[in-house]
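In: Provide a 3D model corresponding to the input given below.
(one chain, ligands or ions: 1)
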Amino acid sequence: MNCDIAIVGGGLAGASLAVALAPLGYDIKVIEAVPYKAVEQPSYDDRTLALSHSSCRILSGIGLWEMLQADATAIRKIYITELARPGRVVLDSAEMGLTQFGHVVEARRFGAAVTSLLEKTGNIEVISPATVKNIEIGGPTASLSLESAGGSEVLQARLVVAADGANSFIRDYLKIPTEKRDYGQTAVICNITPEIFHEGRAFECLTDTGPFAVLPHTGERCGLVWSVATETATEILDLDDETFLARAQVRFGDQLGSFLKAGQRTAYPLKLVRASEDVRERLVILGNAAHAIHPIGAQGFNLALRDAAVLAEILADDDLGDPGETGLLNTYSSWRQQDQRGTIAASDGMTRLFSNPSPFAAGLRTTGLIAHAVSPMLRRYSAIKAMGYRGRVPRLALGELLRPV
Ligand SMILES: Cc1cc2nc3c(=O)[nH]c(=O)nc-3n(C[C@H](O)[C@H](O)[C@H](O)COP(=O)(O)OP(=O)(O)OC[C@H]3O[C@@H](n4cnc5c(N)ncnc54)[C@H](O)[C@@H]3O)c2cc1C
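Out: Numbering: from 1, shown residues only. Okay, here's the model as predicted:
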């Protein structure tokens, strides 16, 4: 079996890349271990994803946004505080002449949209359930050994994209040095219904065990991401709804009135995973396989989407040349350095700063919050970064198409 591009992992990052590459005309295969519609699909679960301004533009340019729009909730204002400390920052999209900073979409909803687009696209074949058991690189193609219910087969591809998540088999099989750091924090997520309508407001209260974030969601709901010390996560998961809501309310206060209802809770242990290389001969490492970051700034998938937009742009400009050509892959890697480094440093730096108990770190945090509260220029600077405009911006994120029609 042959193809131009094999994408291993059809989660948020891999599937989005496949959709972005489809109009270029390459023959693409997506190899996914867990079928899209399976309840246990790890990428398309109940998580609420805050999609940045630039991500929504990218999704629009690749034809996904129109499928998501009806179930997306605009983020118009962001309130940032630190638990039990002075200072509150309000980022207001209107202050920047915008209608919103981005939108919130459920990962499961994203999965349904991207899956139906993949199924409709003639030059994409999804092979699932199937896993990659071996990879050999060298010469004009890379060779992947796949295992599925039907047995084993070999797939030759001119470019392999490893989008197989934070525990990437391909990255580890190729012994690509990778930094892995456990934050000792676990995000407990669920939907909640507060008494007062959110009106497009997102709230992030930063604490020493990570953020307590309340995101605007569809209906009357909000998406809750409550980051706790890992050793207390099981206890919080096991609480009955009433006690859980009462505890959450103590953290959050009454900004949205009483919390009335809670949905099903899920926990995610939080780690930093950063591969030291994002390209090798005939290989790109994408998404969580390349960089899994703390959700403190809600940037993980947004960053991956910008990586995908850049890769698609470079391949589009090459006009159906060899997609695994080393020069192209090196161009991709150097283009992405600034954004990747900046975004990872911001998320890791914030997580460490807020979990640091020293009086110096506390002073720095309060100064940072107060500086943002009083300076419109600083707020604008931070908002632009959070909206996904850092370093050289790909055409799709500027609202342009990959190729003129
Ligand atoms: C609590 C929480 C909240 C978050 N909120 C946000 C947010 O608001 N905004 C944001 O931008 N990001 C957010 N993120 C980050 C976001 O979820 C990740 O960036 C995103 O899931 C990465 O997608 P991925 O496709 O790279 O990896 P994954 O989602 O892990 O998908 C990997 C896929 O590869 C498949 N796979 C694995 N191994 C193999 C194999 N050997 N062969 C074939 N297939 C394989 C898996 O089945 C899976 O489908 C959040 C993360 C967490 C934990």
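
In: what ranges does the stretch 151-300 of the chain have for its helices?
Out: 169-173, 230-238, 241-252, 300-318 (DSSP state H, counting those that start in this stretch).

In: and among those helices, the most buried is which?
Out: Highest mean neighbour count among the helices of the stretch 151-300 of the chain (mean count of other Cβ atoms under 10 Å): helix 300-318, with a mean of 24. Yep, even glycine has a C-beta here, placed from its N, CA and C like the rest.

In: ok, that helix near the ligand or not?
Out: Yes: under the criterion of Cβ under 6 Å from any ligand atom, the ligand is reached by helix 300-318 at 300-302, 304.

In: and what of stretch 66-85?
Out: No: Stretch 66-85 does not reach the ligand (Cβ under 6 Å from any ligand atom); its nearest approach is 10.2 Å.

In: convert that stretch to CSV, retaining C-alpha atoms only.
Out: Extracted in CSV, the C-alpha atoms of stretch 66-85 (Å, rounded to 0.1, in the frame of the first residue of the first chain):
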residue,chain,number,x,y,z
GLU,A,66,-19.1,26.3,9.2
MET,A,67,-19.8,22.9,10.6
LEU,A,68,-18.8,23.9,14.2
GLN,A,69,-20.2,27.4,14.3
ALA,A,70,-23.8,26.5,15.4
ASP,A,71,-22.4,24.8,18.5
ALA,A,72,-19.7,27.3,19.3
THR,A,73,-19.9,29.9,22.0
ALA,A,74,-18.1,33.2,21.6
ILE,A,75,-15.6,34.4,24.3
ARG,A,76,-16.2,38.1,24.6
LYS,A,77,-14.5,38.9,27.9
ILE,A,78,-11.9,37.1,30.0
TYR,A,79,-11.6,37.7,33.8
ILE,A,80,-8.2,36.7,35.3
THR,A,81,-7.6,36.7,39.0
GLU,A,82,-5.3,35.0,41.5
LEU,A,83,-7.0,33.1,44.4
ALA,A,84,-7.1,35.2,47.6
ARG,A,85,-4.7,37.9,46.2
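
In: next one: that stretch to chain centre, how far?
Out: 15 Å (Cα atoms, centre = their mean, to the nearest Å).

In: cool, and stretch 393-405?
Out: With Cα atoms, centre = their mean, you get 20 Å for stretch 393-405.

In: try stretch 100-119
Out: 12 Å.

In: now stretch 281-291
Out: 14 Å.

In: start and end of it, how far apart?
Out: 19 Å (Cα to Cα, to the nearest Å).

In: next up, the contacts around the closest residue to D182 other than its chain neighbours.
Out: Leaving aside its sequence neighbours, D182 sits nearest to K271 (Cβ to Cβ, 6 or more residues apart in numbering; 5.2 Å). Neighbouring residues of K271 by Cβ atoms under 8 Å, 6 or more residues apart in numbering: 166, 180-183, 292.

In: now the residues you listed in JSON lines, with distance to R336 and pLDDT?
Out: Below are the contacts of K271 laid out as JSON lines (distance: Cβ to Cβ, whole Å; pLDDT from 0 to 100):
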{"residue": "A166", "distance to R336": "18", "pLDDT": "98"}
{"residue": "K180", "distance to R336": "20", "pLDDT": "97"}
{"residue": "R181", "distance to R336": "21", "pLDDT": "97"}
{"residue": "D182", "distance to R336": "25", "pLDDT": "97"}
{"residue": "Y183", "distance to R336": "24", "pLDDT": "97"}
{"residue": "A292", "distance to R336": "16", "pLDDT": "98"}
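
In: as JSON lines, the helices of the stretch 151-300 of the chain with mean pLDDT would be great.
Out: What follows is these, written out as JSON lines (pLDDT from 0 to 100):
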{"stretch": "helix 169-173", "mean pLDDT": "97"}
{"stretch": "helix 230-238", "mean pLDDT": "97"}
{"stretch": "helix 241-252", "mean pLDDT": "95"}
{"stretch": "helix 300-318", "mean pLDDT": "97"}
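
In: which of those helices sits closest to E400?
Out: The closest of those to E400 is helix 300-318. By Cβ to Cβ, the value is 9.5 Å.

In: re earlier: check what pLDDT the residue nearest to D182 gets.
Out: Looking at K271, its pLDDT is 97.

In: with V405 instead?
Out: So, for V405, pLDDT stands at 62.

In: about what we covered before: nearest to S152 among the helices of the stretch 151-300 of the chain would be which one?
Out: Each of these has some distance to S152 by Cβ to Cβ; the shortest is helix 169-173, at 15.3 Å.

In: from T234, how far out is the residue nearest to D182?
Out: For K271, the distance to T234 (Cβ to Cβ, to the nearest Å) stands at 18 Å.
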